[in-house]
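Q: Sharing a model prediction with you, sequence too.
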Amino acid sequence: MDLLKKVFLADDDQDDQELFQHALKEIDSSITCEIARNGFETIEMLKGRKVLPDVIFLDLNMPLMNGFECLSKLKNDALLSMLPVVIFTTTKNPVEVQATHQLGANVFLTKPSTKQELRSKLERILRIDFKTGIGAFKQYSV
């Protein structure tokens, strides 16, 4: 199965952004990654585009518009609602995991503590065929 190649990351932490980008480049140097620093910027950058990313990685704890608000806006927009969303955050709180699934998130990924673990999990996620569910995980948590 082919890897998803157009990735969008919404995360305000610059260290996490850099680690994420390095892990993607190790997986496949042809993967592109666009970054927004908050939910508001994410919506602004994606609205009205002809070419959308293959998948969005969305942190929950961001300024101006947090990940819950951003996810809700994405899933309530006719064009953006079909985009697969991976929650990419530090929390492991089961209430927040369930809340993101109820809002329409496809995958919940707690930020791994090592670059190797991040790389491994990203590679698994980038192999999911979100249209058919092939390669997906039960409850979509990794």
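A: Sure thing, it's come through.
Q: wouldn't His101 be in contact with Pro94 here?
A: No: using CB atoms under 8 Å, His101 is not in contact with Pro94; the gap is 10.5 Å. C-beta here means a position set from N, CA and C on the backbone, and glycine is covered the same way.
Q: When those two are compared, which one has more neighbours?
A: Per other CB atoms under 10 Å, whichever of His101 and Pro94 has more neighbours is His101, with 16 against 9.
Q: Phi, psi for the more buried one please.
A: Note on His101: its backbone torsions stand at phi -60, psi -40 [degrees, to the nearest 10].
Q: which residues are common contacts for His101 and Pro94?
A: Counting by CB atoms under 8 Å, 6 or more residues apart in numbering, no residue touches both His101 and Pro94.
Q: Show me the strands in this protein, by range?
A: 6-10, 32-36, 55-58, 85-89, 107-110 (DSSP state E).
Q: Spit out the contact partners of Met65.
A: 38-40, 42-43, 73.
Q: need the strands of the chain in CSV with distance to Leu79, mean pLDDT and mean neighbour count, can you?
A: Formatted as CSV, the strands of the chain follow (distance: least, CB to CB, whole Å; pLDDT from 0 to 100; neighbours: other CB atoms under 10 Å):
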stretch, distance to Leu79, mean pLDDT, mean neighbour count
strand 6-10, 14, 97, 22
strand 32-36, 17, 96, 17
strand 55-58, 13, 97, 25
strand 85-89, 14, 94, 25
strand 107-110, 21, 91, 20
